[in-house]
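J.: Make a model of this:
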Amino acid sequence: MKKLISKYEVTVVPAIIGALILALGFYVATNEITPILNLLAPYSLMITGFIAFFITFGLPGIKDLFSKPSDPKGNIKNFFKYFILTAVLGISASIFLQFILKLNLTANPASGHLFSLIAKIPFMLLGEELISFYILLVVANLVYKKTGNQKSAELFGIILSSVIFGLLHYSTYFNGNPFTTLIHILLIQGSARIAFNLSGLKSNSIIMPLIIHITYDLAMLGLFQ
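T.: Below is the predicted model of the structure:
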């Protein structure tokens, strides 16, 4: 995966086209349009994510993105480390917002519908991983070309990807108050994205954060089933 930051030549026009295609996929995923497009909605981010990566990085880039996880400290350790980090960040943020700030948070609409969604969840979350890592890797690539500093480029990509990932959940968790909704999605969804991003960069593959993301969401949805 890290090759996509330092070894690939990303240019602005393909990157923008890829971003627009992903925006279209997100629109289809989050809006009622036509019966056919509604059937495609759970898979639209995944489909447009692959198209965006192909346009920007080519087929070799997709292969590098899905390379075998290879965390130097061990893939199993990576899984548990970042799964636990995701849970700690999410639960801590939720407690802080609900019991300290006394905010009224909107629950995930998927809660209570685990069994009707379980077959679609891996495809939906793959779409979320693709859009998140597209932002991270394109931004990091462009920053790296300007600075030559891999760590700074990765940090910038992680932050921007996490903020945008949180903002993409605005309509899902809107509670009637724009300000408290923003706090909610940036602290809970945004912080979870940081953990997923770190897992991907450490394992050098999108596969590990995808596994963590699926496991975490199934666990959370199962708890509130």
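
J.: what residues are up against Val28?
T.: Contacts for Val28 were tallied using CB atoms under 8 Å, 6 or more residues apart in numbering; they are 37, 40-41, 44. In this view, the C-beta of every residue, glycine as well, is placed from N, C-alpha and C.

J.: do the same with Pro42
T.: Counting by CB under 8 Å, 6+ apart, Pro42 touches 29, 120, 123-124.

J.: can you do 7 Å?
T.: Listed by CB atoms under 7 Å, 6 or more residues apart in numbering, the contact set of Pro42 reads 120, 123-124.

J.: These in strands, which ones?
T.: Judged by DSSP state E, those include no members of strands.

J.: Would you convert those into TSV that also reports neighbour count and distance to Lys73?
T.: Putting those into TSV (neighbours: other CB atoms under 10 Å; distance: CB to CB, whole Å) gives the following:
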residue	neighbour count	distance to Lys73
Lys120	13	33
Phe123	14	30
Met124	20	30
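
J.: Adding pLDDT, write these out as CSV.
T.: Listed next are the contacts of Pro42 as CSV, based on pLDDT from 0 to 100:
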residue, pLDDT
Lys120, 92
Phe123, 96
Met124, 95
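
J.: Out of those residues, which is nearest to Leu101?
T.: Nearest to Leu101 among the contacts of Pro42: Met124, at 29.6 Å, using CB to CB.

J.: Helix or strand: which one has the residue nearest to the closest one when sequence neighbours are not counted?
T.: Once its chain neighbours are removed from consideration, Met124 has its nearest residue in Pro42; the separation is 5.2 Å (CB to CB, 6 or more residues apart in numbering). When secondary structure is defined using DSSP states H and E, the element that contains Pro42 is helix 35-65.

J.: Can you list the buried residues in that helix?
T.: By neighbour count on 16 or more other CB atoms under 10 Å, the buried set for helix 35-65 is 41-53, 55-57, 61-62, 64-65.

J.: How about stretch 4-23?
T.: When neighbours are counted by 16+ other CB under 10 Å, the buried residues of stretch 4-23 are found to be 4-5, 8, 10, 14-15, 18-19, 21-22.

J.: In helices, which of those appear?
T.: Taking DSSP state H as the definition of helices, those contribute 4-5, 14-15, 18-19, 21-22.

J.: With pLDDT and distance to Lys145 added, can I get those in TSV?
T.: Converted to TSV, those look like this (pLDDT from 0 to 100; distance: CB to CB, whole Å):
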residue	pLDDT	distance to Lys145
Leu4	95	12
Ile5	95	9
Pro14	96	14
Ala15	96	12
Gly18	97	17
Ala19	97	17
Ile21	98	22
Leu22	97	21
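
J.: Mind picking the two most distant members of the residues you listed?
T.: Spatially, the most separated pair among these is Ile5 and Ile21, at 20.9 Å (CB to CB).

J.: isn't Ala41 right up against Ala29?
T.: Yes: the pair formed by Ala41 and Ala29 meets the contact definition of CB atoms under 7 Å, at 5.1 Å.

J.: how about the least confident helix or strand in the chain by mean pLDDT: buried residues?
T.: One helix or strand of the chain scores below all others by mean pLDDT, DSSP states H and E: helix 114-117, with a mean of 76. Burial within helix 114-117, assessed by neighbour count using 16+ other CB under 10 Å, is assigned to Leu114.

J.: Many thanks, we can stop here.
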